[in-house]
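Engineer: pasting the structure only:
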């Protein structure tokens, strides 16, 4: 996914878009893979969940990193309907399951308020 595709995706968003940035070589990414997958599978239909390997989509990752939206991997960003900016409504980084739970619960709250 490049920047233009990313912007198009945000424009077409009908609920939430949750994007997980990771990499094959990233041990912390592998640590949370199953946990994040469980949350992704439990999301309602109006939530689009995307996994992005930063090595395969370096343009988008570098752009978001230059804007301080991601600081490393793993990072998960949440965009709500109507937000066509690169600035997410919420985000989480790292491997702490409590922080991941809190992030996904906040996402569901955001969705319920749309």
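Structural biologist: Alright, I've got the coordinates. Since this is a predicted model, take the numbers as computed values, not measurements.

Engineer: Where do the helices of the protein begin and end?
Structural biologist: 3-12, 27-42, 58-66, 97-112 (DSSP state H).

Engineer: what mean pLDDT does the second one have?
Structural biologist: Spelled out, it's helix 27-42. Averaging pLDDT along helix 27-42 yields 98.

Engineer: The chain should start at 318 in everything you say after this.
Structural biologist: In the new numbering, first residue 318, that becomes helix 344-359.

Engineer: just to revisit the earlier point, need the winner for burial among the helices of the chain.
Structural biologist: Among these, helix 375-383 has the highest mean neighbour count (mean count of other C-beta atoms under 10 Å), at a mean of 16. Yep, even glycine has a C-beta here, placed from its N, CA and C like the rest.

Engineer: counting contacts, what elements does that helix pack onto?
Structural biologist: Applying 3 or more C-beta pairs under 8 Å, 6 or more residues apart in numbering; DSSP states H and E, we find helix 375-383 packed against helix 320-329.

Engineer: what angle do the helix it packs on and helix 375-383 make?
Structural biologist: Relative orientation of helix 320-329 and helix 375-383, computed by axes from the mean of the first three to the mean of the last three C-alpha atoms, to 10 degrees: 70 degrees.
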